[in-house]
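S.K.: build me a model from this:
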Amino acid sequence: MPYDLRILEHVVESSPTGIGVFRVNDFNDLKSIQYVYINRIILHEMRKTKEEVFGKYIHEVAPEAYEHEVGLQVIKTYRDVALFKGNINLGVVEYSNSEVAGLYDCSVHYMYDNYILLKLENVTDVEKEVKERTSDLVQKNNELEHFSYMASHDLQEPLNSLNMFVDLIQDIHSDNVNDELGEILNFVSESAKRMKKVTTTLLDYNRLGIESEIKRVDTKKIIEEVKLDLKQRIKKSNAKIYIQQDLPELKAYPTELRLLFQNLISNAIKFAKPKIVPEIHISVENKNGWTFSIRDNGIGMSLKENENIFSLFHRVDKSSDIDGSGIGLAHCKKITELHNGKIWVDSIEGKGSTFHFNINT
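M.R.: Predicted coordinates:
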């Protein structure tokens, strides 16, 4: 054998990826597919020797492949690639015989005439590790959600007690409370109220999707209901809300979808420019599910803020006098994920924001 061919053979034999060559002798007969060559990796996975495989037909060496749906799919792929002269990535497939079972990343490539090339990699351990890590993450996430629920729930009672005692002190000693003590008591009371608002919002965040079920809803009707809920804020700000006429009916969690629209419309009013009438445009297109857009002419935000805006307790401007807990947009993100969608924002500081989200239920 020429020196160069010996090097090539050594490279193929030593490859960590399984490599096989097959010949499809008759496109109309799946049992006509023949082993031409396979390297040591595939031989090891099959628990076979060269003498048992080379030149033999698949139905002779691995008859079990014709008895299972996945095996038959792979064999049909060999035929299709040889016939149509293309490449097909089958992704992760399962293979087993009496001696071995595993998961393999598999792709099939056209070579020439009736010959095709198989690339195979054992990913059993990788897939197992991914599943274990995913399972651990799900468990830890559930534990974290349970902890945050319990923590925020258990904080309600002492906060209620604190507010009650502050009110009691102010009532009993109303004649003796000087300005300094009154200021301190007011500070304690307001701090407790803010903390209660945060814990209540956390409770709401953890309840999202738990007791709801998907129903067919009219999004135009939901937005009209949200406008009624926000009637006083809309009136006070003189906000103008423009709604696309042909809003769809779709399947969604009704309460959560209503909260999503309410948060985004409320934010558009809240973050308006000083002395500028808020203008809010709501539109939708049938793209990647139903994709809604809520555009405003408010203060906008920087690109840096765009990246973090949907995180829990993140506020656009911590030094601002605008009230907020930093949880509203985290609610929005969780709600869109409940609907197999995502939420994102296009914004320019000083020129307004457009929030987009899609619904894929």
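S.K.: burial count for Asp80?
M.R.: For Asp80, the count of nearby residues is 17 (other CB atoms under 10 Å). No exception for glycine: its C-beta is placed from N, CA and C like everyone else's.
S.K.: quick one: Tyr115 and Arg23 touch, right?
M.R.: Yes: with contact defined as CB atoms under 8 Å, Tyr115 reaches Arg23; the gap is 5.5 Å.
S.K.: which residues are in contact with both of these two?
M.R.: Val36 (CB atoms under 8 Å, 6 or more residues apart in numbering).
S.K.: what about Thr354, which SS state?
M.R.: strand (DSSP: H, G, I helix; E, B strand; the rest coil).
S.K.: so where's the stretch 1-150 of the chain uncertain?
M.R.: 1-5, 8-11, 95-102, 124-150 (pLDDT under 70).
S.K.: please enumerate the helices of it.
M.R.: 3-14, 40-46, 50-53, 58-61, 69-84, 124-172 (DSSP state H, counting those that start in this stretch).
S.K.: packing partners of the third one?
M.R.: If I follow you right, that is helix 50-53. If you count contacts as 3 or more CB pairs under 8 Å, 6 or more residues apart in numbering; DSSP states H and E, helix 50-53 packs onto helix 40-46.
S.K.: who touches the helix it packs on?
M.R.: Taking CB under 8 Å, 6+ apart as the rule, helix 40-46 contacts 13, 15-20, 38, 49-50, 53, 61-62, 95, 97, 100, 102, 104, 118, 120, 122.
S.K.: let's see which of those end up in strands.
M.R.: Per DSSP state E, strands hold the following members of those: 18-20, 38, 95, 102, 104, 118, 120, 122.
S.K.: next secondary structure after the helix or strand containing Gly182?
M.R.: Element membership for Gly182 (DSSP states H and E) is helix 179-207. Counting by DSSP H and E, the element after helix 179-207 in chain order, helix or strand, is strand 215-218.
S.K.: okay, buried residues for that following strand please.
M.R.: Val217 (16 or more other CB atoms under 10 Å).
S.K.: and for stretch 348-360?
M.R.: 352-359.
S.K.: cool, and stretch 22-34?
M.R.: For stretch 22-34, a neighbour-count test (16+ other CB under 10 Å) marks 22-24, 30, 32-34 as buried.
S.K.: next: stretch 275-292.
M.R.: 278-284, 289-292.
S.K.: for stretch 246-265, same thing?
M.R.: Those buried within stretch 246-265 under the rule 16+ other CB under 10 Å are 247, 250, 252-265.
S.K.: next step: those restricted to strands.
M.R.: Reading strands off the buried residues of stretch 246-265 with DSSP E, I get 250, 252.
S.K.: ok, so of the buried residues of stretch 246-265, who is nearest Val345?
M.R.: Leu264 (9.8 Å; CB to CB).
S.K.: now do the contacts for Leu230.
M.R.: Contacts for Leu230 (CB under 8 Å, 6+ apart) come out as 262, 265-266, 269.
S.K.: could you dump those to JSON lines with distance to Ile214?
M.R.: Formatted as JSON lines, those follow (distance: CB to CB, whole Å):
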{"residue": "Gln262", "distance to Ile214": "19"}
{"residue": "Ile265", "distance to Ile214": "23"}
{"residue": "Ser266", "distance to Ile214": "24"}
{"residue": "Ile269", "distance to Ile214": "29"}
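S.K.: between which two of those is the distance greatest?
M.R.: Top of the distance list for the contacts of Leu230 (CB to CB): Gln262 and Ile269, 10.8 Å.
S.K.: all set now, cheers.
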